[in-house]
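> For reference, the sequence and a predicted model appear below.
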Amino acid sequence: MKDLGELKDFLGIEFARSEQGITMHQRKYALEVISKSRMSAARPAITPIDTNIKLTTKQYDEHIEVKDGVKASGDPLADQETYQRLIRKLLYLTVTRPDIAFAVQTLSQFLQQPKKTHMDAALRIVKYIKQSPGHGLLLSSIYTNSVTAYCDADWAACLLTGKSVTGYMVKVGNSVVSWKSKKQTTVSISSAESEYRSLATTVAELA
């Protein structure tokens, strides 16, 4: 933490000490993201992303329209620069917010030609952050050398490639020290295979 230096100031990382330990958060930075996104008066969202919505690229929509004769949704393109800036800010927030890692990872795939649905989903994350801008990581004061890891895989979650998504979290004692949500590099032919790949990725992180 001491080596963060100027990066700590740039990301607005703050520390709060209590009997439970040290809480690392980015409250001021989160409030700045909310303000610049013009979401200050918006109603907070309970979850960072709606998992029932299948987000696709413009190229995918056009391919389906040509292949199956199904008319594309007509979802208009969003302002690319505005979308990219917002996703970049949200990526910085994942430094202390593992709870938005999956949603931000999903939306970062659409930086080239973002659609209105992508922008709406990004603003939903901002609304979710608005619910608890001071939420962060607790670095527990209770000493223990036990290491615990959790992992999971969402089989064939990516409509564009058919690849699964791996998610994992590593804890040392009661403190979360590492987490990631990322598409797997190859296509798994079964949910069991995707789970094994997720486990292998997590073990590699522990090693």
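That came through, no problem.

> make it CA atoms for all contacts and neighbour counts henceforth
Noted.

> tell me which element residue 139 falls in.
Using DSSP states H and E, residue 139 maps to strand 136-140.

> Mind listing residues that contact that strand?
20-26, 96-97, 173-176 (Cα atoms under 8 Å, 6 or more residues apart in numbering).

> what mean pLDDT would you report for the next helix or strand after that strand?
Downstream of strand 136-140, the first helix or strand assigned by DSSP H and E is strand 147-154. The average pLDDT for strand 147-154 rounds to 94.

> how's this protein carved up into domains?
1-141, 143-207 (automatic domain parsing).

> least reliable of those domains going by mean pLDDT?
Mean pLDDT is lowest for domain 1-141 among these, at a mean of 87.

> Okay, and the residue nearest the centre of the chain sits in which element?
Residue closest to the average C-alpha location in the chain (Cα atoms, centre = their mean): residue 101, at 2.2 Å. Element membership for residue 101, per DSSP H and E: helix 101-107.

> and that helix, how far out from the chain's middle?
Centroid separation between helix 101-107 and its chain, computed with Cα atoms, centre = their mean, to the nearest Å, is 3 Å.

> just checking, what packs against that helix?
Judged by 3 or more Cα pairs under 8 Å, 6 or more residues apart in numbering; DSSP states H and E, helix 101-107 is in contact with helix 80-93, helix 116-131, strand 175-183.

> So which of these is nearest residue 38?
helix 116-131 (9.5 Å; Cα to Cα).

> What residues of that closest one count as buried?
For helix 116-131, burial by neighbour count (16 or more other Cα atoms under 10 Å) applies to 116-119, 121-130.

> got the contact list for it?
Contacts of helix 116-131 (Cα under 8 Å, 6+ apart): 30-31, 33-34, 37, 39-40, 42-50, 55, 75-78, 83, 86-87, 100, 103-104, 107, 110.

> which ones among these are found in helices?
The helices, defined by DSSP state H, take in 30, 31, 33, 34, 83, 86, 87, 103, 104, 107 from those.

> of all those residues, which two lie farthest apart?
Across these (Cα to Cα), the longest gap, 20.6 Å, separates 31 and 107.

> does residue 160 count as helix, strand or coil?
In three-state terms, and counting by DSSP: H, G, I helix; E, B strand; the rest coil, residue 160 is coil.

> so it makes contact with residue 55?
No: look at residue 160 against residue 55 with Cα atoms under 8 Å: they stay out of range, at 9.4 Å.

> So those two - more neighbours on which side?
residue 55 (18 against 12; other Cα atoms under 10 Å).

> dump the residue contacts of the more buried one.
By Cα under 8 Å, 6+ apart, the neighbours of residue 55 are 117, 118.
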